[in-house]
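Novice: Sequence below, structure please.
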Amino acid sequence: MQKIDYSKELNPAQLQAVESVNGPHLVIAGAGSGKTRVLVHRVAYLVEQGTRPEQILLLTFTRRAAEEMLRRASTLLDQRCKNVSGGTFHSFANMILRKYAKFLEISNNFTILDQSDAEDAVNLMRAQLGFHKSEKRFPRKHAILEVISKSVNKSEDIEDVLYEEYPQFMEFTKEIKKIRDEYVKYKLQKSLLDYDDLLVFLKNLLTKHEDIRLNISAKYKYIMVDEYQDTNKLQAHIACLLAADHGNIMVVGDDAQSIYSFRGANFRNIIDFPKIFKGTKIITLEENYRSTQPILNLTNAVIAQAKEKFEKNLYTKKKEGNSPIFIDCPDENSQSVFIADKILQLREEGISLSDIAVLFRSGWHSNDLEVELASRNIPFAKYGGNKFVEAAHIKDVVSYLRIAYNSQDQVSWLRALLLIPKIGPKTAAKIMEAILDPAKLGGLLDKNEELKNMFELLKNVDCQADSPSKIIEQFLKFYQPLLKNKYDDFNKRLADLDSLLRIAERYKTVEQFLVDIALEPPERMIVEPGRKDKDDQPLALSTIHSAKGLEWHTVFLIYVAEGHLPSYLSLETEDQIEEERRLFYVASTRAKINLFFLKPHVDRSARSFVDGGGSVFTQVSRFLEEGGLLKKFVEVQGLGDEFEELELEDIIGEKRNTNKEFFENLEEYFRD
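Specialist: Model (predicted):
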């Protein structure tokens, strides 16, 4: 049997966690502190100490994570580790429910509904109850299922979920509750369970059948839960029930990285764990293997301002390094230009694009940057949020501009026509045929007010005289009611439309704008899967939520301003602001060597086409201001006049000064 020298493989805190076997344990694993290493070695240690692998239960958030941990444990010790029970909460629930289904009066050959199936079932209930015929805009299947699911996972009433996330549908609270009730009945009748049911039924089994709970608890003598700060109430309840008898449970996570409340994760689960299991031993992993000490000095100071936390102070052996840098940019485009220039500089210095990331709070924050990167031929992949030009609502608005520019564009005609209520593919085809016949067209226009308004708008547009931004602004006023009708999450899409308007302002002609959108859209620059050339590996653009668990040599965090990070949507309660602080912390701790914070000095996104607002001067994020952190830990730089745009006449003048000499030399060269 292979013997592992754990003291040689692990630092003192990691070793303490691995060798702590009996009783409840909470491991607070700071960012980059080797959390996975601890779990892998603890699995090996338990097996090496004589615990049967089948008695160990490792619960993770993805099947892949569990498989990788057990593979590494097997490599570390031997193949016995592959027999450890590892998987997600949902896969574990599925296994247990198949065995004990009859005690819950469900069939053990139940079918699991995936997201799409569940939405279809909800839609069936919606139709059977006649709510699809509502005179007012009734929520669609995706939104209804999301509300029902969050109600289950967050243990909140439907009404509370609607108030927090879909206030425009509050008037339909009773109807959505009715759909929920019918959906529950439908699943029971048809032996169907959705993802949430797996957890609900498992919790019910463990709470209502003590003999079964004791039997399961006896089988799994040691329980480990990864990423405990990301568990919802149901998952935490299940974990605690499983360990209630023997108390041998180790949960591993970081309260400072609890950022998924929008998915139902509950910050209190990790904070209150020692209150649930009296005598919990808390072990803190503080040695960081990722970042330099100057970066950690800042992140430690940021999280030290948190209202409620487990105390920790990350340190590293990498004492030298650059201080984080704060750049106050004149505006959004200057922010994009600086990042593109810096990325190209880093690439020249030998830093791979794949080791650089730009992070942001909201998906739309990268809209301007995506266009700038595309124009520089810098390949990127975006994670979290739609890629700007791919987004359906952006395509909708661009289709109007394409029609105005080219009335023969049938693809754009079809898209624009199908947006209008009561117009389907057949009617759209008739309208497109009638466009060349004014008599036929007039009859069709009289039947539909929105259609008539669209044609009136198109008639008054002059693509030769009007700027792209002026035309788009007119279409946005027409499109807004259609946006609300088509998308349940229309509020989240408004920022993208503002971005489109600001990007269009950089163009003088409709033709050039449409050419760039067609030939160099940001999504075209994404590297295709399977290409291995190092030079082709893309830069990462990512929401902070999608970046958790990852790391890069250089990280740019953009829009570090009040209203953006923290988001203006999260300023209502202290709990929301504290989660925004943790988001800032997670983003900052992704950087290994270089960390840049950027803020547009003037925020033009405040000038919304919806409310007619204007540009405003931004304030730096409170998370850098508190306690004088900006002055103490961050190097502050400004761009000054570096990014002042030259007037067109100046540019032409410069070219005229050089062109004459160039052409004379060219002529002489070819003459020789």
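
Novice: Buried ones in stretch 477-491, by neighbour count?
Specialist: Across stretch 477-491, burial judged by 16 or more other CB atoms under 10 Å covers Phe478, Tyr479, Leu482, Leu483, Lys486, Tyr487, Asp488, Phe490, Asn491. (C-beta placed from N, C-alpha, C; glycine too.)

Novice: mind checking how far that stretch is from the chain centre?
Specialist: Here stretch 477-491 shows a centroid-to-chain-centroid distance of 22 Å under the convention CA atoms, centre = their mean, to the nearest Å.

Novice: looking at this structure, which helix or strand is least sure?
Specialist: Ranking every helix and strand in the chain by mean pLDDT, DSSP states H and E puts helix 648-671 at the bottom, with a mean of 52.

Novice: next one: phi and psi at the nearest residue to Trp552 once chain neighbours are set aside?
Specialist: With sequence-adjacent residues excluded and distances taken as CB to CB, 6 or more residues apart in numbering, Trp552 is closest to Ala357, at 4.3 Å. Backbone torsions for Ala357, taken as degrees, to the nearest 10, come to phi -140, psi 150.

Novice: Verify the contact between Ser542 and Lys382 for me.
Specialist: Yes - under the criterion of CB atoms under 8 Å, Ser542 makes contact with Lys382 at 7.1 Å.

Novice: Do you have the strands of the stretch 201-350 of the chain handy? List them.
Specialist: For the stretch 201-350 of the chain, the strands defined by DSSP state E, counting those that start in this stretch occupy 222-225, 249-253, 281-285, 325-329.

Novice: Could I get the full set of strands for the stretch 1-150 of the chain?
Specialist: 25-29, 56-60, 85-88, 111-112.

Novice: what's the neighbour count on Asp466?
Specialist: 17 (other CB atoms under 10 Å).

Novice: In contact with it, which residues?
Specialist: Residues in contact with Asp466 (CB atoms under 8 Å, 6 or more residues apart in numbering) are Val510.

Novice: go again using 10 Å as the cut-off
Specialist: Contacts of Asp466 were listed using CB atoms under 10 Å, 6 or more residues apart in numbering, and they are Ala404, Asn460, Ile472, Glu473, Gln474, Thr509, Val510.

Novice: what's the answer for Pro566, then?
Specialist: Arg361, Gln576, Ile577, Glu578, Glu579, Glu580, Arg581, Leu583, Phe584, Ser621, Arg622, Phe623.

Novice: Of these, which belong to helices?
Specialist: Among the contacts of Pro566, DSSP state H puts Gln576, Ile577, Glu578, Glu579, Glu580, Arg581, Leu583, Phe584, Arg622, Phe623 in helices.

Novice: Can you flag the buried ones in those residues?
Specialist: Judged by 16+ other CB under 10 Å, buried ones among those: Ile577, Glu578, Glu579, Glu580, Arg581, Leu583, Phe584, Arg622, Phe623.

Novice: Which pair of those residues spans the longest distance?
Specialist: Glu579 and Arg622 (13.7 Å; CB to CB).

Novice: Common neighbours of Ser542 and Lys382, please.
Specialist: With CB under 10 Å, 6+ apart as the test, Ser542 and Lys382 both reach Val358, Gly363, Ser366.

Novice: Looking at the residues you listed, which gets the smallest pLDDT?
Specialist: For the shared contacts of Ser542 and Lys382, the weakest pLDDT value sits at Gly363, with 86.

Novice: For burial, what's the neighbour tally of that one?
Specialist: Around Gly363 there are 23 residues (other CB under 10 Å).

Novice: which ones are touching it?
Specialist: Neighbours of Gly363 in contact, by CB under 10 Å, 6+ apart: 382-388, 391, 492, 495-496, 541-543, 545-546.
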